[in-house]
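S.K.: Provided below for reference: sequence and predicted model.
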Amino acid sequence: MNDDQSEELLQAKLAELRQDHADLDAAVQAIALSPLPDMLLIARLKRKKLALKDEMTRIEDQLTPDIIA
């Protein structure tokens, strides 16, 4: 696999993670607005969001070329 292919795969994975993150965010907001919000579920979804954010940051770091100062 060449660099272009691996970069395309990383970009696709990053787009998927961003969508999952946005979906979780919408779910958290919807649950929080319910009459009796399930705080345990909200906390679990927020932890998943944080894990996704960490993975997105890792992939973004891989896609950003190292700059030698």
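M.R.: Thanks, I have it.

S.K.: Go ahead and flag the most central residue of this structure.
M.R.: Relative to the mean C-alpha position of the chain, the nearest C-alpha, by CA atoms, centre = their mean, is the one of residue 52, at 3.4 Å.

S.K.: For that one, which residues are in contact?
M.R.: For residue 52, the contacting residues are 17, 20-21, 24, taking CB atoms under 8 Å, 6 or more residues apart in numbering as the criterion. All C-beta spots, glycine's among them, are computed from the backbone N, C-alpha and C.

S.K.: Excluding residues flanking it in the chain, which one is nearest it?
M.R.: The spatial neighbour of residue 52 that comes closest, neighbours along the chain excluded (CB to CB, 6 or more residues apart in numbering), is residue 21 at 4.6 Å.

S.K.: The one you found reaches residue 55, doesn't it?
M.R.: No - using CB atoms under 8 Å, residue 21 makes no contact with residue 55, being 9.4 Å away.

S.K.: the more surrounded of the two?
M.R.: Per other CB atoms under 10 Å, whichever of residue 21 and residue 55 has more neighbours is residue 21, with 18 against 15.
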